[in-house]
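J.: quick one, what's the 3D model for this:
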Amino acid sequence: QVQLQESGPGLVKPSQTLSLTCTVSGASITTGKHYWSWIRQPPGKGPEWIGYIARSGSTYYGPSLKSRTSISRDTSKNQFTLQLSSVTPEDTAVYYCARGESGFGAYDYWGQGTQVTVSS
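T.: Residues are numbered from 1 along each chain as shown. Below you'll find the model as predicted:
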């Protein structure tokens, strides 16, 4: 059974860097055909794809957040991490990590999501 679990602070101050980690069990992030993505859903809005990291370690980011986004991984812990810099209250959202057969969708496993609020 594949499981993903997000972790990180629930409150971040404006201008700081948001950092979230997704811990994966039941599958390796360095093997197989899957892509490991971050998606967020702001309150009252639809989901927004942030980016992914592939098994090779290559990354791809959505255009709207690309300049502020970095996705990395710790293969020894089977984790991948999202960093979003210079956050504003508009970055308040539920953040999800997910596994997909495509880097842009076809997700078969999701984390439960974690609420991140940007506020002073």
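J.: in the protein, which spans are strands?
T.: For the chain, the strands defined by DSSP state E cover 3-7, 11-12, 18-25, 35-41, 48-54, 59-61, 69-74, 79-84, 93-102, 105-110, 114-118.
J.: from those strands, which stretch is densest packed?
T.: Greatest average neighbour count among the strands of the chain goes to strand 35-41 (a mean of 23), per mean count of other CB atoms under 10 Å. Glycine gets a C-beta too; all of them are placed from N, C-alpha and C.
J.: the helix-or-strand element of the chain with minimal mean pLDDT pairs with which strands?
T.: Lowest by mean pLDDT, DSSP states H and E among the helices and strands of the chain is strand 105-110, with a mean of 92. Paired neighbours of strand 105-110 in the sheet (DSSP bridges): strand 93-102 (antiparallel).
J.: quick one on the thing from earlier: and the least confident helix or strand of the chain, how far from the chain's centre?
T.: Relative to its chain's centre, strand 105-110 lies at 13 Å (CA atoms, centre = their mean, to the nearest Å).
J.: quick check: angle from that strand to strand 3-7?
T.: Relative orientation of strand 105-110 and strand 3-7, computed by axes from the mean of the first three to the mean of the last three CA atoms, to 10 degrees: 90 degrees.
J.: who does the closest residue to residue 73 other than its chain neighbours form a beta bridge with?
T.: Leaving out its chain neighbours, the residue that sits closest to residue 73 by CB to CB, 6 or more residues apart in numbering is residue 80, at 4.2 Å. Residue 80 forms beta bridges with residue 22, residue 73, as assigned by DSSP bridges.
J.: I'd say residue 80 and residue 55 touch.
T.: No: using CB atoms under 8 Å, residue 80 is not in contact with residue 55; the gap is 10.8 Å.
J.: shared neighbours of the two, which are they?
T.: residue 29 (CB atoms under 8 Å, 6 or more residues apart in numbering).
J.: can you tell me the centre-most residue of this structure?
T.: The chain has residue 38 as the residue nearest its centroid, 2.7 Å off, counting by CA atoms, centre = their mean.
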